[in-house]
Structures are given as C-alpha cells and as structure tokens.
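Enquirer: I'll drop the sequence and a predicted model, then ask my questions.
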Amino acid sequence: MAGDEFQFERRFGWLMHDVQRLVQRNWARALKASGVGLSEPQARILANLWRQEGGLTQTQLATELDMEKAPLGRLLDRMEDGGYVERHPDPTDRRARRVIISKQGMAAIPNMQRVTRQVFAEAFEGVPAHKIDVMLDVLDSLKSNLSPVEADGDGPTSKNSSEPGE
C-alpha cells in the first residue's frame, strides 16, 4: 500500500510538470501566432506587472518569476526598448529600480488575455466545469499547504498566480 502512495505522488508530480510545460509551450505558440509581439517569458513579466499596481523592483520581479536577475535584466532591456515597460528609481530604495508596465504594455494586455483564454479553452476542452472547479480548489489547497515552505525563502512568494483575465 505504501508503494502505491509513493507511486501516486510521483505520478502527480510528473503530471503537474508535464501539464505546466505543455500549457507554457502552447501559450508561447499562441502568443507568437497572435502577433502580440511578446515572447512567453516577456508575457509572463507583463502579466506579473499588470497585477501589481505601482510595479515591482527588479529583485521582487525575479523572485515572483523564479528567475535569476541577469536573464531577467536582459528581458527587461528588450521590453523597455520595445516600449512595454519602464524602469524608474525606486522611491524607497535608491539602489533599486522599479519596473512598471507602460501604456503600450497595458495595450497588449487584452490580446494576452484573449490568447490565454484560448489556450485554456483548448486545454480544458471536454472537461466538465465542475471538475475544473474541483481541480482549482485542490490546487489552491496544495498551494496553501506549500506556501509556508516558500515563506522560509525557498521559492517565489506570489500570492496571485492567475494570468491576465483568468
């Protein structure tokens, strides 16, 4: 019996990873096909900034996205050059730079929402709404159960992981 439980947990982890990877891949393809003009990592950055009134410091954004600062900085350089984000000195910490979504970045959000809804509609095709609700409830519970681990500094601390429009 204990072996079955271990197998279930292992299967669960692999399924979660595979589903996340496939959603990410399909979202990247859909973003490219839509002409939004953002890569999948850039869209994730924009989605995080959209949810944070007043923006985030680059360090906070790196934590939210579970990214190293240097690759994030390069992505932000391209996004700033493209007009999607702006970086300003942080008013509370002169060493930090605060990243905010620009007007052009805000204008991209409705298209990102449309693409996101399309990807999830395809992913959940044929799945009854009540099963989706149960799955989301279970995932919320898992996230709550695992959040104390993140509070100890072992991972990102985002409290709202929904995509724009979801």
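Expert: Now that the structure is in, tell me what you want to look at.

Enquirer: just checking, what packs against the longest strand along the chain?
Expert: Criterion DSSP state E: the longest strand present in the chain is strand 93-101. Contact partners of strand 93-101 among helices and strands, from 3 or more Cβ pairs under 8 Å, 6 or more residues apart in numbering; DSSP states H and E: helix 40-50, strand 56-57, helix 58-65, strand 85-90. Just so you know, the C-beta spots here come from the backbone N, C-alpha and C atoms, and that holds for glycine as well.

Enquirer: repeat that for 10 Å
Expert: Under the contact criterion of 3 or more Cβ pairs under 10 Å, 6 or more residues apart in numbering; DSSP states H and E, strand 93-101 touches helix 40-50, strand 56-57, helix 58-65, helix 69-81, strand 85-90, helix 103-123.

Enquirer: that strand vs strand 85-90, what angle?
Expert: 160 degrees (axes from the mean of the first three to the mean of the last three Cα atoms, to 10 degrees).

Enquirer: for strand 93-101, which strands pair with it and how are they oriented?
Expert: Take DSSP bridges as the rule and strand 93-101 pairs in its sheet with strand 56-57 (antiparallel), strand 85-90 (antiparallel).

Enquirer: just name the most buried of those.
Expert: strand 56-57 (a mean of 19; mean count of other Cβ atoms under 10 Å).

Enquirer: tell me how far that strand lies from the chain's centre.
Expert: With Cα atoms, centre = their mean, to the nearest Å as the basis, strand 56-57 stands 15 Å off its chain's centre.

Enquirer: next up, the contacts around M67.
Expert: 41, 44-45, 61, 73, 75, 156 (Cβ atoms under 10 Å, 6 or more residues apart in numbering).
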